[in-house]
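Visitor: fold the following.
(chains A and B)
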Amino acid sequence: MPTFRFDLRTLPPEAEALRGEVREFLATNLKDFPPEGRARTWFGVDHAFTRKVGERGWIGMTWPRAYGGQEKSFLERFVVLEEMLAAGAPVAAHWMADRQSGPLLLRFGTEEQKKRILPGICRGETYFCIGMSEPDSGSDLASVRSRAERTSDGWRLEGTKLWTSGAATAHFMVGLFRSGTEAERQAGLSQFLIPMDTPGIEVRPIRDLSGSEHFCEVHFTDVELPPDALIGEEGKGWPQAMAELAYERAGSERYLSCHPLMEELARELGPAPDVRATVAMGRQIAWLSTMRTMSTSVASLLAAGENPELEAAVVKDVGAVFEQDQPGIAQELLPLPPSRDPEAKVYQKMLAHLVMNAPSFSLRGGTREILRGIIARGLGLR
Amino acid sequence: MSDNHPMLAEAAERFFSAKVDQEAILAFEQSGLDHTLWTAARALGLSRPGESVDAGEGWQASEIVLRAGGRHAAPMPLAEEVVAAQLASAAGISLPPGSVGVGLACRPAEDPGLWACEAPFGRDLDHLLVVGGGGDGLELRLHACTGAPHGSGENVAGEPRDVLLVDPQSAIENKVVDLPEDVLTTLLAAARTSQMAGALETILALSVAYAREREQFGRKIGKFQAVQQQLAVLAGQVAAAGVAAADAARALDQRGLPAAKFGSPEDPSFEIAVAKVVVGEAAEFGPRIAHQVLGAIGFTHEHRLQFFTRRLWAWRAECGSAAFWAERLGRFGLATENGGLWKILTDRSGPAQETKGPRD
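Guide: Numbering: from 1, shown residues only, chains lettered A, B, ... in the order given. You can find the predicted model right below:
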């Protein structure tokens, strides 16, 4: 049976050195940010904030200077992100580009694509969305049906993407389309760099149960793209899309989604609540600490150029259970119901948002069932 | 984790897998400690891993050996001697040859002048390092064990949990140290988490192996998604427990022995508390899943799964339950002067944490 590698690692001094800078930056730039907005964490959109993060050089910070990056280490980026998430900073506008699309282009994009796109991402001006799921393709992603046909002057896209986060504000989509036959499954897929203002693209935001509209339905009708819209190789869309999944799955966003709420809960409970609340908070601290140690361990493996797919799936699965439990735990400890009333306490407004969003924690970025399937395969069961 | 001391890890694993089979554990439950086996383990240095590594790595070396012992349900007072040796070495007490254990939570005995000490494996020890009972500061006293234990008991894994009587006047060596009163509970808790992390690894391995060979409805049961999902959950618990136990050992090496103020930079009790909570919870859910997967056969006395699950149930309750340690963590986490949950974590993992070494 293969074993997991979770060697203990310490963040290097140059990474730790950034922590204070980030805290100072957040104290200044989130001064007027509505405190309950911190509950949105990496789904909170604030364009002005994103541009300020870009000015500080904290978007695409590991990328080469030639493309607008800072050539910082992966672990320095880790510290910047965990500080932003713990504080509930509104990082959604640049999140997808910084975490996934930029690294994808760096790895598989042409020189022209990199020169054209990456500097704008780094400045906090260019936003991305990722078009993967479709009406009939969710967890079974290899069944996507949206088509990319070769034409005399490039590509024509047809079809529908669904549950695409941030599509309404994004400038580009990285879309997974079928350039081959359906029988080919994974081998028939390619990735495309799609400007969202291309004629024939229609974006319809979908309201979720909490009333937010972050995910969207995106229709493609006769969307004509130039030949260089293809990312990487034709037919290699699947392995290219999967290559970055460990980055997506083991990050701090997988256990800090409710963290701003838990800090607020701690403040509301005060320094000496009853034993029940003290014990419950102690359990949270224990798991928070352990999740962070695990996430740091995976980040260090990634920084060393390894691909810890299995460990990343473990972090996301255990992390999703942890953060999904938190709104319920909070409700059990304080007699303050979730509320969207403007007069309600910050804690209550955060709780309202998170109670209603917690179900998504084990859906986004690979459902619980898919992740546990990956872990089961790692155990040799599949 | 074993990447630090691969030779030690290999020596421990090789010894336990060669010497501790099902018969050895059964024999231990029927007729007590196999002194030949225990002596062989001690001769290899497995009960004093701190002596074979550089200073400042003793607890992490111990973690490796204790985890290997837990992986094989090694029926011997390994954790007790590891803790005794580390504590004695920090206090400057030199240990005589022979087996040594620890005496916990001393109280005055009915016989005037004597002290009653809770001593795991008390009946099997040559010497006992007694912690507590001093006036100013904490007293560590080394006693020779003579005669039968005052009280004999066992935990649900069949490990001796005895009470020994000692005469404070008869100590071979005696030191007053600047350590908190509950230092022994804290150190044993750290050692137990390593043993538990090892036992959890084994129940995962046994469950996976069984799921890959047992057939029902014409398929291996490991092919059923319901079973796969359960084993994936178990794997997550095992991974978290392993990380937490290793982090506690690292904290002991980096910060030194437990300090008077819980959670202070020089105190490793925070990480030990984290480990006992996380491992304790894994000891609740892990055995449930393993027993579910192994079905009726895993519930028999004949199957070796029970050696590991009974140990997990016993150890989980010893040296403070998850709730006991969670209360300390909660009190510390909520104290206003500590600045919030996130600041506590980042302060503890930050670069300022180059504290060290024993104090006495």
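Visitor: give me the neighbour count for the nearest residue to B:Glu281 once chain neighbours are set aside.
Guide: Spatial nearest neighbour of B:Glu281, chain neighbours left out: B:Ala322 (5.7 Å); criterion: CB to CB, 6 or more residues apart in numbering or on different chains. C-beta here means a position set from N, CA and C on the backbone, and glycine is covered the same way. By other CB atoms under 10 Å in any protein chain shown, 23 other residues sit near B:Ala322.
Visitor: ok, now how distant is B:Ala322 from B:Arg328?
Guide: 11 Å (CB to CB, to the nearest Å).
Visitor: tell me the confidence at whatever residue of the stretch 251-382 of chain A ends up closest to chain B?
Guide: The minimum distance from the stretch 251-382 of chain A to chain B, using CB to the nearest CB, falls at A:Gly282 (3.2 Å). The confidence metric pLDDT takes the value 98 at A:Gly282.
Visitor: backbone dihedrals for it, please?
Guide: Main-chain torsions, A:Gly282, degrees, to the nearest 10: phi -60, psi -40.
Visitor: what sits against it?
Guide: Residues counted as contacts of A:Gly282 (CB atoms under 8 Å, 6 or more residues apart in numbering or on different chains) are B:Ala273, B:Val277, B:Trp325, B:Ala326, B:Glu327, B:Arg328, B:Leu329, B:Gly330, B:Arg331, B:Gly333.
Visitor: and the fourth one, how far from B:Trp313?
Guide: If I follow you right, that is B:Ala326. From B:Ala326 to B:Trp313 the distance is 18 Å (CB to CB).
Visitor: looking at those two, which one has more neighbours?
Guide: It is B:Ala326, of B:Ala326 and B:Trp313, that has more neighbours when counted by other CB under 10 Å, with 27 against 15.
Visitor: where along the stretch 1-150 of chain B do the strands fall?
Guide: With strands called from DSSP state E, counting those that start in this stretch, the stretch 1-150 of chain B shows them at B:100-108, B:115-120, B:127-131, B:138-144.
Visitor: hmm, back to that, so the residue nearest to B:Glu281 touches B:Leu329, yeah?
Guide: No. Assessed by CB atoms under 8 Å, B:Ala322 is found out of contact with B:Leu329, at 10.1 Å.
Visitor: so A:Ser210: helix, strand or coil?
Guide: coil (DSSP: H, G, I helix; E, B strand; the rest coil).
Visitor: ok, which of the strands of the stretch 1-150 of chain B comes nearest chain A?
Guide: strand B:100-108 (21.9 Å).
Visitor: same question for stretch A:339-356, mean pLDDT?
Guide: Rounded mean pLDDT across stretch A:339-356 is 96.
Visitor: by mean pLDDT, which helix or strand of chain A comes out lowest?
Guide: In chain A, no helix or strand scores lower on mean pLDDT, DSSP states H and E than helix A:245-249, which sits at a mean of 78.
Visitor: what is that one packed up against?
Guide: helix A:275-303, helix A:309-333 (3 or more CB pairs under 8 Å, 6 or more residues apart in numbering or on different chains; DSSP states H and E).
Visitor: common neighbours of B:Ala322 and B:Leu329, please.
Guide: A:Arg283, A:Ala286, B:Val277.
Visitor: of all those residues, which comes closest to B:Arg71?
Guide: B:Val277 (21.6 Å; CB to CB).
Visitor: the closest one is in contact with B:Gly320, isn't it?
Guide: No. Applying CB under 8 Å, one finds B:Val277 not in contact with B:Gly320, separated by 9.5 Å.
Visitor: okay, those two: which has more neighbours?
Guide: The neighbour count for B:Val277 versus B:Gly320, taken as other CB under 10 Å, is higher for B:Val277 (31 against 22).
Visitor: helix, strand, or coil at that one?
Guide: Looking at B:Val277 with three-state DSSP, the answer is helix.
Visitor: report the contact partners of A:Leu106.
Guide: A:Trp63, A:Pro64, A:Tyr67, A:Lys114, A:Leu118.
Visitor: an error on my part: the question was meant for A:Gly237.
Guide: A:Leu176, A:Phe177, A:Ser179, A:Leu189, A:Ser190, A:Gln191, A:Ile231.
Visitor: in helices, which of these appear?
Guide: Here DSSP state H is the test, and these give no hits in helices at all.
Visitor: what are the ranges of the helices in the chain?
Guide: Using chain A. A:13-29, A:47-55, A:74-87, A:92-96, A:102-108, A:111-122, A:237-243, A:245-249, A:259-269, A:275-303, A:309-333, A:346-357, A:368-378.
Visitor: chain B is the one I meant
Guide: Ranges of helices in chain B, per DSSP H, are B:6-19, B:22-31, B:35-43, B:58-71, B:78-91, B:183-213, B:225-255, B:269-298, B:305-317, B:322-334, B:341-349.
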